[in-house]
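>>> 3D, please:
(chains A and B)
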2 protein chains.
Amino acid sequence: MDLRNLLIGWRQAGTVSLMLCALGSAAAAGAEGASRESLAHAEMLRSRALTGTSAMAIVTSLTTEVGPRLAGSEAEARARKWALQILTAKGFAGVRNEAFEMDAWQRHDERAEIIAPYPQPLAVTALGGSVPTSEAGLLGEVSVFETLEDLKRAPAGSVAGRIAYVGHAMQRTQDGSSYGYFNEARTAGPSIAASKGAAGYLIRSVGTDSHRFPHTGSLRYEVDIPRIPAMALSNPDADQIERVAADHQDLTVRIWVDSSERPAAQSGNVIAEITGREAPEEIVVIGAHLDSWDLGTGAVDDGAGVGITMAALELIKQAGLPPRRTIRLVLWGAEEVGLLGARAYREQHEAALAQHVIGSESDFGGGRVWKLTADSQTEEGDALFLDIANLLAPIGIAPGSDDQPGGGPDLYPLIAAGVPTLRLHQDGRDYFDLHHTADDTLDKLDAAALDQNVAAFAVFVWLVADSDVTFRAVPPQ
Amino acid sequence: MDLRNLLIGWRQAGTVSLMLCALGSAAAAGAEGASRESLAHAEMLRSRALTGTSAMAIVTSLTTEVGPRLAGSEAEARARKWALQILTAKGFAGVRNEAFEMDAWQRHDERAEIIAPYPQPLAVTALGGSVPTSEAGLLGEVSVFETLEDLKRAPAGSVAGRIAYVGHAMQRTQDGSSYGYFNEARTAGPSIAASKGAAGYLIRSVGTDSHRFPHTGSLRYEVDIPRIPAMALSNPDADQIERVAADHQDLTVRIWVDSSERPAAQSGNVIAEITGREAPEEIVVIGAHLDSWDLGTGAVDDGAGVGITMAALELIKQAGLPPRRTIRLVLWGAEEVGLLGARAYREQHEAALAQHVIGSESDFGGGRVWKLTADSQTEEGDALFLDIANLLAPIGIAPGSDDQPGGGPDLYPLIAAGVPTLRLHQDGRDYFDLHHTADDTLDKLDAAALDQNVAAFAVFVWLVADSDVTFRAVPPQ
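Residues are numbered from 1 along each chain as shown, chains lettered A, B, ... in the order given. Got it, this is the predicted structure:
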């Protein structure tokens, strides 16, 4: 099958992903990719990255000097201050904070225990956004559902006054694709349970480890449904609940959540740039989110992405040759609690979005990149992607397909506004072992793997930013 | 070198360990080992064990129905009740609790955080026995010592009013032998620090994992030295302390411990037996400790040992043939806080200790047995050990040497009273990943590995109990 026809067919079918299956070919028929000089520069950047970058030092600094940085908290403000300082010190252009307001959630205390038939404490954490229980906690018999679907099918009122538990055990994958399916138990589950009358909600953590770490993460309460306290159990504790429930109808637990909300809290997106030499108004956006959950130090999620993308920008800057277009690093605020920074950015930059050439976020930990996907609507875009793929193949990255567009969660609002994305897919087999737990700490990262990510980002960003290639069917005005 | 001369040489040198390096030889020169019938029975027990035992079900029941069971607590009392019920249900003889009193320590709350230069919370746990801090906590600048020896060499008063931190990172070994060296930082460290004027004490956990689990365990305050609060940091948090301290003189932390002691608390050793058919007064002692630390559910330490030794006793009982001597299972109480059950047993059984033929405890997790050591002072003992080794070789166990006597910690008081021991050494490469942490839960155990342990215990116990072989130079009266 001809690559060009394949691409056209995909475009006609509304598919935005591009399978780059003709590596080594300089370009799709007719269109030109990068210039020879630009390719040579990209190859040099790749080589330099593999000899060592600042990525690990950046994550080390962030996790050591700031640590946990929950969206809207004083700690997230310290993270912005850290970012502004380090970006200024590295000599980037346009270093600034673009502030926005948000309702901030805060965890104060949390605890749970089995009361009957076999009393013992449970390792739990409140889901992000959970309402508190009363000070005495919430005591309830447990109704166990193996899957979220089972809960959805439960008759109305069937869990009235009870604590609904959903097992819904997540499996390990390389691409992390099962997360979208399994995390619905966390995001949508609390309101589904409440709609059936439940007084409280427990899940097996959306995580793949078997350690005593519960995984937090945002829930999403539906309007007009009572808000009930919601917690995640570590996998071993979920096993315990299921073992007891298998033989006992009277499984009773007590849960305690102390939490609060603070309206009009401050957050912000921290920005730094390398200004384009010919078309500074045209923007290539890369970045990672600066906030983290409060349990760990946010090394994997998403200190790694901060290190990778900042180091890529630094590598390009240090090479001394500015690209044709502007490269913009955005360290997104308040990602974990609903992409608030990304939404604010879209509002604040609405008029300039047509000039956003392409975007990509690094937000899947510190594992090596193994796959490259992109959405292009033009032949010249396809040709440039082939050039990118050709330079990334030697470092273990193959072009592939994806079932949905996306260069990372913080790109979603931009995608909705028509901005094309490229994604460097990282190996995430152990990502959900650590994701949103207290165990997300610096020791889990590998400097060489971060450097491989930097190499990939530098090649991609350089080649796009140094070109005049457009990826949209209707070019910007 | 002749085995007999080797053995004699070791005995003369005061070495109590036996290297059984002549497998396949029926016996050391002259002495006889087990009878043909007894060997055949042992081989049958081994085969049955490998087809599946009750070990995993026993640990499952203990961890699910009781869970954490700190020495002297109400939970340990529930564990004794659980043990008495299950041992009675299995139809053993002489099922009883031998009670003793103890001073019980209890953990109420614990917390720590870096105050300066980079505020962030730390994952910590109080060492067992730690005195509390004031309600406001203890604030102090930190003095970092890489090793305990460095602390010992610090000048008097050099850490006055400060919090002493000892790194002393433990390494992974198969035989767990480094624990004795490294845990001195935990046991002896607090009083050493206090003797130099320290107001508080922190250690890197005595553990080999890199997870956010601090490892608890007993400290030992010296008399006439002020008792200072003492905590362990998880390995990632110890890394954090050392990273910050490397660049900052003013590293300040605050620690909080709320704990209390309860004098005259109840504990006990739970006992069950298979009565010997010819010499019931002669005792082969096996067992494990029933108490656990309070953070995990005590699956690995020492639910595994409870399951292994109880299942071995059950296997022998179910085979229907009572051994010549009595086999006694002791589920020791209050091991973790100073071998209190073992000491009480020695006092309560002083008159009968000469009739204790041999002892062995399973207290090193759920890993497979890979080495066998024993102390024998007689030729007939040596010969019987060769028979045991010969039957264990096909299941992956080789005889070896050990640098000290011991069939497990609860045997120490009996060893001091002259009781010989045998040890089935388990592979402990991951034991100190889990030891004394919240992560010590059922999911870490492997049923097939437990069964291999049961097979080894059944062979050893049967062959010794079914013989009239003595292992002491001076036979009992």
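>>> tell me which parts of chain A are close to chain B?
A:60, A:64-68, A:75, A:117-118, A:120-121, A:123, A:210-213, A:235-236, A:239-240, A:243-244, A:296-297, A:437-439, A:441-444 (Cβ under 8 Å from any Cβ of the partner chain). Where you see a C-beta, it was placed from the backbone N, CA and C, and this is true even at glycine.
>>> among those residues, which are in helices?
Using DSSP state H, the members of these that fall within helices are A:60, A:64-65, A:75, A:235-236, A:239-240, A:243-244.
>>> Next, count neighbours for the residue of the stretch 301-450 of chain A found nearest chain B.
Residue nearest to chain B within the stretch 301-450 of chain A (Cβ to the nearest Cβ): A:Thr441, separated by 4.0 Å. Neighbours of A:Thr441 under the rule other Cβ atoms under 10 Å in any protein chain shown: 27.
>>> Help me confirm that it comes into contact with A:Thr63.
Yes. Look at A:Thr441 against A:Thr63 with Cβ atoms under 8 Å: they come within range, at 6.9 Å.
>>> Need the residues touching each of these two.
Taking Cβ atoms under 8 Å, 6 or more residues apart in numbering or on different chains as the contact rule, A:Thr441 and A:Thr63 both touch A:297, A:299.
>>> dump the residue contacts of the closest residue to the residue of the stretch 301-450 of chain A closest to chain B other than its chain neighbours.
Once flanking residues are discounted, A:Thr441 sits nearest to B:Pro236: 4.0 Å by Cβ to Cβ, 6 or more residues apart in numbering or on different chains. When contacts are counted by Cβ under 8 Å, 6+ apart, B:Pro236 touches A:439, A:441-443, B:123, B:210-212.
>>> A:Arg111 now?
By Cβ under 8 Å, 6+ apart, the contact list for A:Arg111 reads A:121, A:124, A:137, A:255-256.
>>> just those now: which is nearest chain B?
Using Cβ to the nearest Cβ, the contacts of A:Arg111 come closest to chain B at A:Pro121, 7.1 Å.
>>> Name the nearest residue to that closest one, ignoring sequence neighbours.
Using Cβ to Cβ, 6+ apart and skipping the chain neighbours, the partner closest in space to A:Pro121 is A:Glu113 (4.8 Å).
>>> Now do the strands in chain A.
Using DSSP state E, the strands of chain A run over A:93-116, A:120-122, A:124-126, A:138-145, A:163-166, A:200-204, A:230-233, A:252-274, A:279-289, A:325-332, A:356-361, A:369-374, A:398-399, A:422-426.
>>> Those: which one's closest to B:Gln266?
Closest of these to B:Gln266 is strand A:120-122, at 19.6 Å (criterion: Cβ to Cβ).
>>> helices and strands around the closest one, which ones?
Contacts defined by 3 or more Cβ pairs under 8 Å, 6 or more residues apart in numbering or on different chains; DSSP states H and E place strand A:120-122 against strand A:93-116, helix A:235-247.
>>> winner for burial among these?
Comparing the helices and strands packed on strand A:120-122 by mean neighbour count (mean count of other Cβ atoms under 10 Å in any protein chain shown), helix A:235-247 comes out on top with a mean of 20.
>>> Let me know the angle separating that one from strand A:252-274.
Between the axes of helix A:235-247 and strand A:252-274, defined by axes from the mean of the first three to the mean of the last three Cα atoms, to 10 degrees, the angle is 150 degrees.
>>> Distance from the chain centre to helix A:235-247, please.
Chain-centre distance of helix A:235-247: 30 Å, with Cα atoms, centre = their mean, to the nearest Å.
>>> what's the angle from that helix to strand A:200-204?
110 degrees.
>>> average pLDDT across helix A:235-247?
Average pLDDT, helix A:235-247: 97.
>>> for stretch A:286-303, same thing?
What stretch A:286-303 shows for mean pLDDT is 98.
>>> try stretch A:161-169
Averaged over stretch A:161-169, pLDDT sits at 94.
>>> Any idea which residue is closest to the centre of chain A?
A:Asp363 (4.0 Å; Cα atoms, centre = their mean).
>>> Please verify my assumption that that one contacts A:Leu290.
No. Look at A:Asp363 against A:Leu290 with Cβ under 8 Å: they stay out of range, at 11.0 Å.
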